[in-house]
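> next one to model:
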Amino acid sequence: MIKRSKRKKPVKGIYIFIVLFIVLLGIKLVWHTGSSAAKLIPNLAEKSETSEVAPSISANQSKYRIVIDAGHGGKDPGATGASGAFEKEFNLSLAERVNELLKQDPMFETRMTRTDDRFVELENRAAAANDWNADALISIHGNTYQDPAIAGTETLYRHDDSIPLAQILQERVAEALGFPDRGAKQEHLVVLSLAQMPAVLVEVGYLTNPKEEKTLLSDKGQDLAAQAIVDGIKEYFGKNGSRKPAGDEGLKEVPPPVSLNRNHSQIENKIYFDGLAKDGKQVALTFDDGPDKIVTPKILDILKENKIKATFFILGNRAKTQPDLVRRIVEEGHAIGNHSWSHPNFDQISVDQALKEVEDTQATLEDAVGFRPILFRPPYGALSKDKLNAIHQQDLAVVNWTVDTMDWSGVSSKEIMRLVRKELKPGGIVLQHTANGKNHLANTIEALQQMIPELKAEGYSFVTVPELLHLPDSQ
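Here you go, the predicted model:
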């Protein structure tokens, strides 16, 4: 019994000790759990708040997010270059170089829509940028055209908020490569339309042009292009400025180039290729190299019969010998433009020579019709940056085209119509001729008689180039 009594006392003490230990442990756990919860709740709130923010850079994001899209891929090879190379390979190679350069700058964080030869749906390319809340989408492409002589860099955009980025990249790339500057243009492309941030598609150059393809496929050419794209991106986001702050203040928008024009601030220092698609189904018919005693009157008769207006880009030496035809063009309500004096290739003459070609023609046209036109179209569509700047200083808008009918070469009227049906979009400018063509441009006359009623039936309205570009008719 004594032994039993002595054994119960220790057991009772142990029970008391265990109870006290559990109570103390519970208090400690409650204390730490409360403390952890207090720390965890703000984090959850912060995460929830951040996930709802759609801006480019949030309070916790210190880098601009750039999505680089290598066009085409996999089953879609894109254009076939002059040498037989596929565009998809060029696009990926250049995109990788742009990606590597951007990754070296702590200002940027990048993603690529593809890193190998795979096909990615257009919708998914835009979705990748949207889902990531990217700050910009840059799609990289090589261009193509059936005429191997066509050359140049152009940058496409869809929405107005992409215009500043498109203009900066266009200027940078064209200048770096020395290709003709075809300007920044609005296009209704799937990737650009679906993107919810500034998005542009850079057509770096024409792979179907042997000279440009040689540059584009070379390491040196791709390095120049990649650096130009990256420099443009840095300029757009303000490399030397502060990071985009959190809150309501957004990134300071880079304005479009400011016109130096003395009288018409609407003229931009660029080459115009088309009007705005938002203006509806408008088309501007243009005729170069006249006036001609045989062809021009026939064209004027067709236009008058159909009650439509067009634009004639006139050579100075022809205007001097045919002033009556120039006056008839203007009196019947058409617009006129300067097409140089003697149709030289402006890439092969000096700036001073180019300006003399322009000024002599302006003076001759003023003598014929009493005013100086506001439009200039360079022969062959060729114009370097320095000559563009010089001509812009003369209060002239430089205008090329979106549809080249190739009528001067003698192609059939059927082929002319095929090109128009394929290439024309709302806001388009159609290039035709009134002189310097085979067989007195009988193909142009025949095609024009088909083109006008067909485009009318499709809902197009015919306007002059000044009307299309919202510019005055004269200086």
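> so where's the stretch 201-350 of the chain uncertain?
Residue ranges of the stretch 201-350 of the chain with pLDDT under 70: 239-265.
> which parts of it are strands?
When assigned using DSSP state E, counting those that start in this stretch, the strands of the stretch 201-350 of the chain occupy the ranges 271-272, 282-290, 311-314, 335-338.
> can you check the stretch 351-475 of the chain too?
Ranges of strands in the stretch 351-475 of the chain, per DSSP E, counting those that start in this stretch, are 375-376, 397-399, 403-404, 428-433, 461-462.
> export these to CSV and append columns for distance to residue 116.
For glycine as for every other residue, the C-beta is placed from the backbone atoms N, C-alpha and C. Output for those, formatted as CSV (distance: least, CB to CB, whole Å):
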stretch, distance to residue 116
strand 375-376, 46
strand 397-399, 41
strand 403-404, 36
strand 428-433, 37
strand 461-462, 47
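> any idea which of these gets closest to residue 94?
For the strands of the stretch 351-475 of the chain, distance to residue 94 was read as CB to CB. The smallest value, 26.5 Å, belongs to strand 403-404.
> which elements pack onto the closest one?
helix 413-423, strand 428-433 (3 or more CB pairs under 8 Å, 6 or more residues apart in numbering; DSSP states H and E).
> tell me which of the strands of the stretch 201-350 of the chain sits most buried.
Of all those, strand 311-314 has the most neighbours on average by mean count of other CB atoms under 10 Å, namely a mean of 28.
> direction included, what does it pair against?
Sheet pairing of strand 311-314 (DSSP bridges) gives strand 282-290 (parallel), strand 335-338 (parallel).
> determine the number of other residues adjacent to residue 296.
Per other CB atoms under 10 Å, the neighbour tally for residue 296 reads 24.
> okay but it is in contact with residue 434, surely?
Yes: the pair residue 296 / residue 434 is scored as a contact, 4.5 Å apart, by CB atoms under 8 Å.
> tell me how many other residues surround the residue nearest to residue 237 when sequence neighbours are not counted.
Excluding its sequence neighbours, the residue lying closest to residue 237 (CB to CB, 6 or more residues apart in numbering) is residue 64, at 5.4 Å. By other CB under 10 Å, the residues close to residue 64 number 24.
> same question, residue 305
Using other CB under 10 Å: residue 305 sits among 10 other residues.
> for residue 456, see how far away it is.
Distance of residue 305 to residue 456, given as CB to CB, to the nearest Å: 13 Å.
> cool, residue 364 as well?
35 Å.
> quick revisit: now mean pLDDT and mean neighbour count too, for the strands of the stretch 351-475 of the chain, in CSV please.
Formatted as CSV, the strands of the stretch 351-475 of the chain follow (pLDDT from 0 to 100; neighbours: other CB atoms under 10 Å):
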stretch, mean pLDDT, mean neighbour count
strand 375-376, 98, 26
strand 397-399, 97, 26
strand 403-404, 94, 20
strand 428-433, 97, 24
strand 461-462, 96, 17
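> out of those, flag the one nearest residue 108.
Set against residue 108 and scored by CB to CB, these come closest in strand 397-399, at 34.1 Å.
> CSV for the helices and strands packed on strand 403-404, including distance to residue 441?
Below are the helices and strands packed on strand 403-404 laid out as CSV (distance: least, CB to CB, whole Å):
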stretch, distance to residue 441
helix 413-423, 10
strand 428-433, 6
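> can you redo the strands of the stretch 201-350 of the chain as JSON lines, where the extra columns are distance to residue 79?
Output for these, formatted as JSON lines (distance: least, CB to CB, whole Å):
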{"stretch": "strand 271-272", "distance to residue 79": "22"}
{"stretch": "strand 282-290", "distance to residue 79": "26"}
{"stretch": "strand 311-314", "distance to residue 79": "29"}
{"stretch": "strand 335-338", "distance to residue 79": "31"}
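> tell me the contacts of the nearest residue to residue 408 once chain neighbours are set aside?
Ranked by CB to CB, 6+ apart and with sequence neighbours excluded, the top spatial neighbour of residue 408 is residue 437, at 4.3 Å. Going by CB atoms under 8 Å, 6 or more residues apart in numbering, residue 437 touches 295, 407-410, 443-444.
> from those, which two are the most distant?
Using CB to CB, the contacts of residue 437 span at most 15.2 Å, a distance reached by 295 and 409.
> what is the burial count for the residue lying closest to residue 386 once chain neighbours are set aside?
Nearest in space to residue 386, with sequence neighbours left out and distances taken as CB to CB, 6+ apart, is residue 351 at 5.9 Å. Neighbour count of residue 351, defined by other CB under 10 Å: 14.
> then residue 467?
A total of 18 residues lie near residue 467 under the criterion other CB under 10 Å.
> check contacts around it.
For residue 467, the contacting residues are 282, 284, 309, 335, by CB under 8 Å, 6+ apart.
> any chance of those in a markdown table, plus distance to residue 393?
Formatted as a markdown table, the contacts of residue 467 follow (distance: CB to CB, whole Å):
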| residue | distance to residue 393 |
| --- | --- |
| 282 | 29 |
| 284 | 25 |
| 309 | 29 |
| 335 | 22 |
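> out of the strands of the stretch 351-475 of the chain, which is closest to residue 133?
strand 428-433 (35.3 Å).
> any stretches of the stretch 51-200 of the chain with poor pLDDT?
Applying pLDDT under 70 to the stretch 51-200 of the chain flags residues 51-62.
> just the strands in it please.
In the stretch 51-200 of the chain, the strands defined using DSSP E, counting those that start in this stretch lie at 64-70, 108-112, 136-143, 153-157, 181-186, 199-206.
> would a markdown table of those strands with distance to residue 229 be doable?
A markdown table is the format used below for these (distance: least, CB to CB, whole Å):
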| stretch | distance to residue 229 |
| --- | --- |
| strand 64-70 | 9 |
| strand 108-112 | 12 |
| strand 136-143 | 7 |
| strand 153-157 | 10 |
| strand 181-186 | 14 |
| strand 199-206 | 7 |
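> what's the most buried one of those strands?
Comparing those by mean neighbour count (mean count of other CB under 10 Å), strand 199-206 ranks first with a mean of 28.
> ok, it: who's next to it in the sheet?
Here strand 199-206 is paired, per DSSP bridges, with strand 136-143 (parallel), strand 153-157 (antiparallel).
> ok now the longest one, how far from the chain's centre?
Read it as strand 136-143. 9 Å (CA atoms, centre = their mean, to the nearest Å).
> what is the orientation angle of it with strand 181-186?
Inter-element angle recorded for strand 136-143 and strand 181-186: 130 degrees (by axes from the mean of the first three to the mean of the last three CA atoms, to 10 degrees).
> all set now, cheers.
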